[in-house]
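S.K.: Provide a 3D model corresponding to the input given below.
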Amino acid sequence: MNKQRIIVIGNGMVGYKFCEKLIDQDPDRQFAITVFGEEPRPAYDRVNLSKYFAGSTVDDLTMATREWYADHDIELFTGERVEIIDVDNKEIESVTGRRMGYDKLVIATGSSAFVPPIPGVDKKGVFVYRTIEDLDQIIEHGRKVKTAAVVGGGLLGLEAAKALLDLNLKTNVIEYNPRLMPRQVDQAGSDVLQQKIEELGISVLLQKRTDAVLGNGSVEGVAFADGSQLDVEMIVVSAGIRPRDEIARKNNIAVGERGGILVDSHLQTSAPDVYAIGECVVFNNMVYGLIAPGYQMADVVVDNLLGGDKEFQGADMSTKLKLLGVDVGSFGDPFAEGDHIDAVSIRNTVKQTYKKIVVDRETNCLIGGILVGDTSDYGTLLQYTQNQMSLPECLEHLVTPPASGAASSATELPDTASICTCENVTKRQIIDAFEDGQTTVDQIKSCTKAGTGCGGCVPLVTDILNAQIKKSGGEVKTALCACFDHSRVELAERMRTEKVKTYWEALGRFGHGGGCEICKPAVASILASYQNDFILNHQNIQDTNDQFLANIQKNGSYSVVPRVPGGEIRPEQLIAIGQVAKDFDLYTKITGGQRIDLFGARVEQLPLIWQRLRDVGLESGHAYAKSLRTVKSCVGSTWCRFGVQDSVGLAIRIENRYKGLRSPHKLKSAVSGCSRECAEAQSKDFGVIATEKGYNLYVCGNGGMKPRHADLFAEDLDEETLIKYIDRFLMYYIRTADRLTRTSKWLEKFEGGIERLRAIVIDDALGICEELEREMQHQVDTYVCEWSRVLDDPAMRRRFAPFVNSDESDPNIHFQPERGQKKPLVTASSTEVHV
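M.R.: Take a look at the predicted model:
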């Protein structure tokens, strides 16, 4: 069979995605595919370019290797730009003089950074933020300077600012508009975003028009239209994008008035058999500068090439991202106005979050919204917007945590609901995949591609799958793993009541097979939770972190994290930590949990380090374990004029009481001395806020990827009642939570919610509170620092060696200098040995 020749001009993310979709949907291989890329390497993930500054390599960012192209019979030419499209003869010619005929041509040349015609913008030290080569130049120049500025405070500008911050440069963001990210957020959202960014040490200058780049050959500063100046040594221009349409202009293919290759709804250009997709395209006077619309365009062209008639109708520009560590979401039309348009917004000045929804009063539907600082409700709100679902009676429930009145279940969504916007996968497609025999999330992902982009839709994909399993009469499996038919909760209860003392006893009585990497550490955690047995007594079933009582890092070295209860530390302990770090050449960092982390220790150094730390009264901080990590505190009434209780003293009591407590997931806590909440207690698994009458207890909050505000559990408690309630709460969580489930997720799935939990913990509705208190007291009474046990046992100490048959150090662990300290250097050998 004579195959039709398809040539793809451009090997960026969209060009690659077109190839992937065509391969997947054309099993008969009726097309011969040739790809020309202007850059010297195959397509890479441009969306995550900032990770390059945090240690990711080009290989990490690469979307597919050269071998992938070869395996799928795709001819790939990199570093070779196509210059000529001979529309009449259906041929192209590259800069090397290579000529090739085509049957169909797809232009996917993307966009370039827009550089305003500012006087002096051509000076040495001015860069754009677009390609790997751009980043390499920024890194190289960044080593020679101390100050930098980003011209442009939009999405890409803030990404560039993060990169400069990672280079340890004093960073400024210059924006012409009165707010940051003017296309995505309103003024109130920008204010919150600006506050969080400035807390990182970045200066934000708004309503500043850059008139000139100053300097004699090299950048020395910028001049603004208002007459002011800013002294900087480096500039990154991020003032927007321009479609790469030059190949169309040069070859008489129609372009828009303001740039971009003109296409119809089938993505066809003015030239026959020539398509265009991605950011090089203008459709209905719109250039789509996000990756998801480009993927949708690729899907449309593939469908048409295979005989379909799919059309591109425009794309949703909703987006959720993390900028400089700040979660930002924008969906629908957040700026809609009109007589029948209402807006509900909530700004939390303590948590520094902002949420706004825009509602059409006539249709009772959500039009759009903005989320800054907390995007945990983004998926739910996006579904309301896209599917025009009726809203709850109390609109505030949509933007106040927990969004109990808003959460749309998978069964409520229409079949047309777009579940994965990256790959344009609907609910119906997921259901069809299930009906075709795909019964696991991994199978659904492989079949439909849902969840293979940003991954944000995976929880909803899981809910849809589980709903279909139940609907078909099946049972949603909650088994711990293939070795145990019980869930973690069921297994823990049987082990507790039947007093099982070892993993192998549990496997023999309740399981089958030889065990696996899932159930071994899970059972070890259960044993530690109930018996408080020394964790290294179960060493052969632990992962690396617990085996060596330290977190393994990316190059095979380990971290050392002493416990600092309540954040209070004595001078001699600080001196000892500093001296240990100096003597063992450890990277040192003060963490958000009010303690000092030491990184870069070799495994054989761990006992020597901990011996010296123990000598000044420091204990293990359990940073390696699923257990209590930290209890933060403010200075409270002891020092602060606003404090109403001794928050430090209570924090120390709480941390010392629960230290070492093993649980289904890590636990974090905090105690604030007044309602100003400086310790951020409402973002913890359990937090305490002092009142004039005692203490308020909050439970089931967390920060992390999906932040959740903690629920007020009980008010104005005396200290002893507070401790009693925490004892009961923690032990009940340990009993009933699934493996690796944070308290926030546990409560979300808890039947009866917070009211039922109160009834159990406070009112003793199940009659088990005395038992829970007794179990917690056993934990407290039997606690021994794990590192002290090791240091006092010569046999245990001998386990801390890189090799069982040699005293030599691991030669594959390497470091490189950075900012006066060191950072891990990951080599091929270290990756092979330790990962």
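
S.K.: use CA for all of it now, contacts and neighbours both
M.R.: OK.

S.K.: Low-confidence stretches in the stretch 701-835 of the chain?
M.R.: With pLDDT under 70 as the threshold, the stretch 701-835 of the chain has low-confidence stretches at 704-706, 804-806, 826-835.

S.K.: If we use 50, what do you get?
M.R.: Within the stretch 701-835 of the chain, the segments meeting pLDDT under 50 span 828-835.

S.K.: How many residues are close by residue 43?
M.R.: A count of nearby residues for residue 43, using other C-alpha atoms under 10 Å, gives 23.

S.K.: do residue 459 as well
M.R.: Using other C-alpha under 10 Å, residue 459 has 13 other residues around it.

S.K.: Test for you: state the pLDDT assigned to it.
M.R.: In the predicted model, residue 459 carries a pLDDT score of 70.

S.K.: And it, which helix or strand is it part of?
M.R.: Assigned by DSSP states H and E, residue 459 belongs to helix 458-471.

S.K.: For that helix, which outside residues touch it?
M.R.: For helix 458-471, contacts defined as C-alpha atoms under 8 Å, 6 or more residues apart in numbering pick out 409-411, 419, 427, 430-431, 434, 439-441, 450-451, 475-476.

S.K.: Check the secondary structure at residue 159 for me.
M.R.: Following DSSP: H, G, I helix; E, B strand; the rest coil, residue 159 is assigned to helix.

S.K.: List the contacts of it.
M.R.: For residue 159, the contacting residues are 50, 323-324, by C-alpha under 8 Å, 6+ apart.

S.K.: So it versus residue 112, what's the distance?
M.R.: Shown here: residue 159 relative to residue 112, a distance of 16 Å by C-alpha to C-alpha, to the nearest Å.

S.K.: How about residue 547?
M.R.: Using C-alpha to C-alpha, one obtains 50 Å as the distance from residue 547 to residue 112.

S.K.: Following element in sequence after the longest helix along the chain, please.
M.R.: Using DSSP state H, we find that the single longest helix of the chain is helix 719-736. Downstream of helix 719-736, the next assigned helix or strand under DSSP H and E is helix 743-749.

S.K.: What residues of that next one count as buried?
M.R.: Buried residues in helix 743-749, counting neighbours by 16 or more other C-alpha atoms under 10 Å, are found at 743-747.

S.K.: got it, and stretch 282-301?
M.R.: For stretch 282-301, a neighbour-count test (16+ other C-alpha under 10 Å) marks 282-283, 287-301 as buried.

S.K.: re the thing from before, dump the buried residues of helix 743-749 into a markdown table; add distance to residue 772 as well.
M.R.: A markdown table is the format used below for the buried residues of helix 743-749 (distance: C-alpha to C-alpha, whole Å):
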| residue | distance to residue 772 |
| --- | --- |
| 743 | 17 |
| 744 | 20 |
| 745 | 21 |
| 746 | 18 |
| 747 | 18 |
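
S.K.: just those residues now: which is nearest residue 737?
M.R.: Nearest to residue 737 among the buried residues of helix 743-749 is residue 746, at 6.0 Å by C-alpha to C-alpha.

S.K.: what pLDDT does residue 540 get?
M.R.: As summarised for this prediction, residue 540 has a pLDDT of 50.

S.K.: before we move on, what about the one 4 residues further on?
M.R.: Note on residue 544: pLDDT of 57.

S.K.: Any idea which helix or strand in the chain has the lowest mean pLDDT?
M.R.: Counting by mean pLDDT, DSSP states H and E, the chain has its least confident helix or strand at helix 828-834, which shows a mean of 36.

S.K.: any chance you could read off phi and psi for residue 236?
M.R.: When quoted as degrees, to the nearest 10, the phi and psi of residue 236 stand at phi -110, psi 120.

S.K.: Please verify my assumption that it contacts residue 150.
M.R.: Yes: under the criterion of C-alpha atoms under 8 Å, residue 236 is in contact with residue 150, at a separation of 4.8 Å.

S.K.: Now for residue 333: which residues touch it?
M.R.: Shown here is residue 333, whose contacts under the criterion C-alpha under 8 Å, 6+ apart are 358, 367-369.

S.K.: swap in residue 740?
M.R.: Shown here is residue 740, whose contacts under the criterion C-alpha under 8 Å, 6+ apart are 664-665.

S.K.: Make 40 the first number, not 1, from now on.
M.R.: From this message on, residue numbering opens at 40, which makes the last subject residue 779.

S.K.: Could you list the low-confidence segments of this structure?
M.R.: For the chain, the stretches with pLDDT under 50 are 440-447, 580, 867-874.

S.K.: could you pull out the strands for the stretch 390-539 of the chain?
M.R.: In the stretch 390-539 of the chain, the segments counted as strands under DSSP state E, counting those that start in this stretch are 392-399, 404-411, 457-459, 464-465.

S.K.: Would you mind finding the most buried of those?
M.R.: Ranked by mean neighbour count under mean count of other C-alpha atoms under 10 Å, the strands of the stretch 390-539 of the chain are led by strand 404-411, which reaches a mean of 26.

S.K.: Just the element for residue 347, please.
M.R.: Per DSSP H and E, residue 347 falls between elements, in no helix or strand.

S.K.: Could you count how many residues lie near it?
M.R.: Neighbour count of residue 347, defined by other C-alpha under 10 Å: 11.

S.K.: what's the answer for residue 547, then?
M.R.: Neighbour count of residue 547, defined by other C-alpha under 10 Å: 11.
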